[in-house]
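Quick one, structure for this:
(chains A, B, C and D)
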There are 4 protein chains.
Amino acid sequence: MPGAKLNTDYWVSEYISPCDIYSHGLKRIFVHQQTAFQEMSIVESSTYGKALVLDGKWQSCTGDEFLYHEPLVHAGAVHHRGPEKVLVLGGGEGATVREALKWKTVKKVVMVDIDGEVVEACKKYLPEMHQGAFDDPRTELVIGDALNYLDNSESEWDLIISDLSDPIEEGPSFMLFTKEYFEKCRRALKPNGCFVVQAGPLDPLRMNLHVRLANTVAAVFKHAASYSSFIPTYASPWSFVLASAQPIDEFPDPAATDKLLAGKTTGQLRMFDGRTLLGMFQVGKHVRLAIANETEVYTTDSPPRFFGKGAGSE
Amino acid sequence: MPGAKLNTDYWVSEYISPCDIYSHGLKRIFVHQQTAFQEMSIVESSTYGKALVLDGKWQSCTGDEFLYHEPLVHAGAVHHRGPEKVLVLGGGEGATVREALKWKTVKKVVMVDIDGEVVEACKKYLPEMHQGAFDDPRTELVIGDALNYLDNSESEWDLIISDLSDPIEEGPSFMLFTKEYFEKCRRALKPNGCFVVQAGPLDPLRMNLHVRLANTVAAVFKHAASYSSFIPTYASPWSFVLASAQPIDEFPDPAATDKLLAGKTTGQLRMFDGRTLLGMFQVGKHVRLAIANETEVYTTDSPPRFFGKGAGSE
Amino acid sequence: MPGAKLNTDYWVSEYISPCDIYSHGLKRIFVHQQTAFQEMSIVESSTYGKALVLDGKWQSCTGDEFLYHEPLVHAGAVHHRGPEKVLVLGGGEGATVREALKWKTVKKVVMVDIDGEVVEACKKYLPEMHQGAFDDPRTELVIGDALNYLDNSESEWDLIISDLSDPIEEGPSFMLFTKEYFEKCRRALKPNGCFVVQAGPLDPLRMNLHVRLANTVAAVFKHAASYSSFIPTYASPWSFVLASAQPIDEFPDPAATDKLLAGKTTGQLRMFDGRTLLGMFQVGKHVRLAIANETEVYTTDSPPRFFGKGAGSE
Amino acid sequence: MPGAKLNTDYWVSEYISPCDIYSHGLKRIFVHQQTAFQEMSIVESSTYGKALVLDGKWQSCTGDEFLYHEPLVHAGAVHHRGPEKVLVLGGGEGATVREALKWKTVKKVVMVDIDGEVVEACKKYLPEMHQGAFDDPRTELVIGDALNYLDNSESEWDLIISDLSDPIEEGPSFMLFTKEYFEKCRRALKPNGCFVVQAGPLDPLRMNLHVRLANTVAAVFKHAASYSSFIPTYASPWSFVLASAQPIDEFPDPAATDKLLAGKTTGQLRMFDGRTLLGMFQVGKHVRLAIANETEVYTTDSPPRFFGKGAGSE
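Sure thing, here's the model as predicted:
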């Protein structure tokens, strides 16, 4: 950005809170529309590249999405040590599928997203994200409801990844951050399968969502562990929860992870390796304490209400 | 923030880049003035609490400053295993000194800050930050130039912490992110002393500053290691470099760290413990690669020019 | 502004509507405080000079306040042709009094403002506004409630000027935009006295306030006429209503006005003369039609609720 | 806007100056593209309706465009008293042609706009603006350069309207605010024809453009007069210059104007009538003084450089 001047007149302003706004100047607006489920745009940020925005929340942009999608997919895959069947719930722009396909062990990836308009727009305007993932013969795309899909699935998957938009009240996802949903996910896994869910910000002033989600996942799975990654355009550290019937050792041996990745993936990872994985599972003491003290779980009757679009609560 | 509405009319807008603006709504503005060195304000953010802002850059706020100051101080102190004499260069609001004083081994902390107006304003309006640190008998406050102070100091310190504002062109600090400055710091350390410097964002699109600083520090000290922490109001993961004449083992044993902390500190740490420390040193693969490939060092003739106040370059 | 660059980090963002924000970059913030009645600041805008801001609404700034205060005072004074006793209700920063004192006929100006903290801060930080008006022997400043003051005043004033902040729900003024208040004003006037009230924006999408105020004033006074002036920092044409027991001829003869001004004022007017006055009373056809069709009046039971501070209604 | 909440995430931020930004929240973005000449979007503002935006400058929106287009067209037409042939230079969205066609005397309107992409997008997305004007048999649309068109035109037009985007350095129009251009316009008029040009803001801090344009037009035409209208979304009073070989009487008789309008137009005017016209020509004393004192004219060698897109000068 040497010598840069501010000459941007179009902005996406994400309300991190009602009084904290992260605004990104836009060079191009490829599409902006109200789909059947949400407000969608695909834009090009002046700094961070092309991006998908849903209900005013920055979803993923070419400049830093690898910091989100690599942790989302590979932590669970390393824990499993060689998934063959992967189910992606949500995942609109295709980058989660793209990462799953990097595992040579993978024979099938099914992606279930409720919003076909989002998927189509991403295919058209965001090829940098999917990089051909939708055309891979191992990929099956299902436009439909994740809950319905799970109802017809049992003991089937090695890895299930819940890659949904944040559970804001105005959006389509908040009922999918509940105990009932996680139970459906657990039933759909093979006995040695594992589950990963994107689980909101770790900002100390906004980590309630993560803390309760971690507690909710732990109420459903035998083992659960939080981890996190830096994603600059989210203006917050971001969290995930990995869950499994098997113990999660939190990956103490980077060299072993690197060896596994070298043998079983195509090796095109930018941020993820043994050391990165070890680091991501060491969430801060304040987060661990908050999770240990949490007692509530999210249920269908009491789902999360994440802040979004100008007003709301957690 | 349940039911919150946006009724804030005053904002601090930090230009993360020329086209990415993070705006914080303000409830109160305690003071806004041009000091002899920089533009300063002390404000109360609606969400993140009270904050010091210098040259339009958010320095530290009560809501998340512990995520900055605990890593800044305790990583080096753990590496040293029991510092007695600590030198803080910069550190205006007193939180760095506050953390250093938590080490029962510490006999003396000298803080050298060039801007007495900032220090006085923080004493008056931000007691939450220093928490009495300036009144501790072990503390000595020097209003003056860090370079001059270092010139009169040799083989004296167990731990030197460079807690300066970012090296923006308009600010007072950019000449203190150079090889010459780091050499003065090294000479001022005891043989087993160590050095820590705040070293800018790790955002993949803005990590040049960190990468060159890490390389510059490595050109001066026998051993150097990067680490990082999440600080939400910085809208980026933030980095530090720890440097020493002794090997840095990167803290593989959290239990050993916890035992050291339990024995030698007053134990009031919120985010820092053995696991957190282990995690912070596992910076992402992309960062490690960039550092390994970096060849340039910052010097007095070629100092960093960090983006700030609306225009500039790195 | 040749070659200007955007290097402002502090902003006042006025919510013209919930989705239209006019933001002014600040060079200095002299004071920001919650008074007993309202949120106040005195700032220096990078472009428009020093300004008073109340409850997030831009009140007057040195760059364009003459476009507000000259019409506010001189239209009524010309209509009267030589006021001796002038009552200013509101008028915090002193510019309305300053204009009234330009009439050589004036023997006494009483200003009644409820918020002594605002008046004191303006005296201290905004001398450009009052220009010594508070020290003029003809000026009397009363800190108190306009309604109470009016209760003790009858057939006394040649000119009453209602210079209150907008009737936002959060502010101190909305009960002073009602029929009951205007009746008290009428009773306080001499038989040939006249009354002027600042009466909100004339933006076609926000002119309800003006239209109902004009109708309310017309329900109280024998004659009433709307007029308006451009005030750039208000992001809208701004309106006033002049009311009197005498017919208002709308000033068809600019030369006669100029002669009156030359004889009876000190002549330091920047925007106001005979032609300007003639033009200001020719409000647009759409405004005249809306006023002609309005039937509601504002009363103590049904006062205006102007948009302000992020939510509200008219 | 009763009970409204701020839930807009997309904004157009117009830089009124480098430090004064007027931001409009958007409900929809119909199209955003770089044409061969400028950056264009058609959007729907949450408050002010649908709008055309060029190079980041708000051009016209359904909520208040009548306050711009009626003065632009009808002042000149009233002066002429019955134009038959009208030439519109610029005028992209078709509203200027729409107004011209309201004159029953009009037999032909030619609109010459350089940017066919803008015209096509407006036809598609902004039918509220042209209201069928492009389909009127009297209308001829020419996509081309105004200067070229004028070179082939002599003593031909009753009314020429220069409805160009502001002369910002980045835009296509700034060479069309010069003496040479105005001379071509004059030559293209019939002896009793007249000329109108949109002439920038009358904000006292930004009226240089108007003042020099008025002086430039006056250097070319025998008679010239400034007038202005309130356009809220421009955040400023807006100016025009009317020029003619005949004296401009400034319309002292509203009833006579109303009679002319009643006889010769279709009568669908919202803001324009005799009183409005009288008022618009009474620009403020400060503006008249500035024009009287101006000596510079804009020429091809020294054209205006209006502020736009983040940097520039007048």
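
what residue ranges in chain A score low on pLDDT?
Low-confidence segments of chain A (pLDDT under 70): A:1-7, A:308-314.

hey, which helix is longest across it?
Looking across chain A with DSSP state H, the single longest helix is helix A:66-80.

Just list what it packs against, helices and strands only.
helix A:95-100, strand A:157-163, strand A:189-201, strand A:223-231, strand A:236-244, helix A:254-264, helix A:274-280 (3 or more C-beta pairs under 8 Å, 6 or more residues apart in numbering or on different chains; DSSP states H and E). To be clear about C-beta, it is placed using only N, CA and C from the backbone, and glycine gets the same treatment.

Pick the most deeply packed of the ones you listed.
helix A:95-100 (a mean of 28; mean count of other C-beta atoms under 10 Å in any protein chain shown).

Quick one: check it for contact with chain B.
No. Helix A:95-100 lies out of reach of chain B by C-beta under 8 Å from any C-beta of the partner chain, never closer than 14.4 Å.

can you list contacts of the helix or strand that that helix is followed by?
On the C-terminal side of helix A:95-100, the nearest following helix or strand under DSSP states H and E is strand A:108-113. Residues outside strand A:108-113 that contact it (C-beta atoms under 8 Å, 6 or more residues apart in numbering or on different chains): A:84-92, A:94, A:96-97, A:100-101, A:119, A:136, A:138-146, A:149.

same deal with stretch A:182-194?
For stretch A:182-194, contacts defined as C-beta under 8 Å, 6+ apart pick out A:76, A:79-80, A:83, A:85, A:87, A:89, A:147, A:150-151, A:153-160, A:162, A:195, A:197, A:216-217, A:220-221, A:242-246.

residues from the stretch 1-150 of chain A in reach of chain D?
Taking C-beta under 8 Å from any C-beta as the contact definition, the stretch 1-150 of chain A meets chain D at A:5-15, A:23, A:28-29, A:32, A:34, A:39, A:41, A:53, A:55-56.

Weed out the non-buried ones from those residues.
With burial judged by 16 or more other C-beta atoms under 10 Å in any protein chain shown, the buried subset of the residues of the stretch 1-150 of chain A next to chain D is A:5-15, A:23, A:28-29, A:32, A:39, A:41, A:53, A:55-56.

Looking at chain A, which strand is longest?
Ranked by residue count and defined by DSSP state E, the top strand of chain A is strand A:20-34.

What is that strand packed up against?
strand A:10-17, strand A:39-45, helix A:116-125, strand B:20-34, strand D:20-34.

Any chance of JSON lines for those, columns distance to B:Phe66?
Output for these, formatted as JSON lines (distance: least, C-beta to C-beta, whole Å):
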{"stretch": "strand A:10-17", "distance to B:Phe66": "19"}
{"stretch": "strand A:39-45", "distance to B:Phe66": "31"}
{"stretch": "helix A:116-125", "distance to B:Phe66": "38"}
{"stretch": "strand B:20-34", "distance to B:Phe66": "18"}
{"stretch": "strand D:20-34", "distance to B:Phe66": "34"}
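
For B:Pro232, find the nearest of the ones you listed.
Taking C-beta to C-beta, strand A:10-17 is the member of these nearest to B:Pro232, at 8.3 Å.

How about stretch A:107-117, which residues are buried there?
A:Lys108, A:Val109, A:Val110, A:Met111, A:Val112, A:Asp113, A:Ile114, A:Asp115, A:Gly116, A:Glu117.

Please identify which of those residues is nearest to chain B.
Checking those against chain B by C-beta to the nearest C-beta gives A:Val109 as the nearest, at 23.7 Å.

beta partners for that closest one?
A:Val86, A:Thr139 (DSSP bridges).

residue contacts, the closest residue in space to A:Glu294 that isn't next to it in sequence?
Nearest residue to A:Glu294, sequence neighbours excluded (C-beta to C-beta, 6 or more residues apart in numbering or on different chains): A:Asn215, at 4.3 Å. Shown in contact with A:Asn215 (C-beta under 8 Å, 6+ apart): A:Ile291, A:Glu294, A:Thr295, A:Glu296, A:Val297.

Now restrict these to buried residues only.
Judged by 16+ other C-beta under 10 Å, buried ones among these: A:Ile291, A:Glu294, A:Val297.

which of those residues lies closest to chain C?
Closest to chain C, out of all of these and judged by C-beta to the nearest C-beta, is A:Glu294, at 32.7 Å.

residues touching the closest one, list them.
Contacts of A:Glu294 (C-beta under 8 Å, 6+ apart): A:Val211, A:Arg212, A:Ala214, A:Asn215.

Got the phi and psi for it?
Backbone dihedrals for A:Glu294, given as degrees, to the nearest 10, come out at phi -80, psi 140.

From A:Ser244, how far out is it?
From A:Glu294 across to A:Ser244, the span is 20 Å (C-beta to C-beta, to the nearest Å).

A:Pro127 now?
A:Pro127 is 34 Å from A:Ser244, by C-beta to C-beta.

Distance check, the residue of the stretch 101-250 of chain A found nearest chain D against chain B.
Chain D sits closest to A:Glu170 of the stretch 101-250 of chain A, with a gap of 8.0 Å, by C-beta to the nearest C-beta. The spacing between A:Glu170 and chain B, counted by C-beta to the nearest C-beta, to the nearest Å, is 15 Å.

pretty sure that residue contacts A:Leu54?
No. When contacts are counted by C-beta atoms under 8 Å, A:Glu170 is not listed as touching A:Leu54 (10.4 Å).

ok, and the closest non-adjacent residue to A:Ser244?
In space, A:Ser244 is closest to A:Cys194, 4.0 Å off (C-beta to C-beta, 6+ apart).

just to revisit the earlier point, A:Glu170 and A:Leu54: who's more crowded?
Each of A:Glu170 and A:Leu54 has its neighbours counted (other C-beta atoms under 10 Å in any protein chain shown); A:Leu54 has more, 25 against 17.

For the more buried one, list each beta-bridge partner.
A:Met40, A:Lys57.

how about it, what does it touch?
Counted by C-beta under 8 Å, 6+ apart, A:Leu54 has contacts A:Gln38, A:Glu39, A:Met40, A:Gly92, A:Val118, A:Ser165, A:Gly171.

for the residues you listed, which one is nearest chain B?
A:Gly171 (17.1 Å).

What's the local residue count around that closest one?
Neighbour count of A:Gly171, defined by other C-beta under 10 Å: 20.

which SSE is it in?
With DSSP H and E as the test, A:Gly171 turns up in no helix or strand.

and it, how far is that from chain C?
Distance from A:Gly171 to chain C, by C-beta to the nearest C-beta: 20 Å.

residues contacting that residue?
Per C-beta under 8 Å, 6+ apart, neighbours of A:Gly171: A:Phe37, A:Gln38, A:Leu54, A:Asp55, A:Ser165, A:Gly308.

how much space between the third one and chain D?
In this view, A:Leu54 and chain D are 10 Å apart by C-beta to the nearest C-beta.

next one: the second one
When distances are taken as C-beta to the nearest C-beta, A:Gln38 and chain D turn out to be 12 Å apart.

ok, that residue touching A:Asp166?
No. Here A:Gln38 lies out of contact with A:Asp166, judged by C-beta under 8 Å, at a distance of 11.1 Å.

Count residues in the vicinity of A:Leu87, would you?
30.

Tell me how far it lies from A:Asp158.
From A:Leu87 over to A:Asp158 (counting by C-beta to C-beta), the distance is 9 Å.
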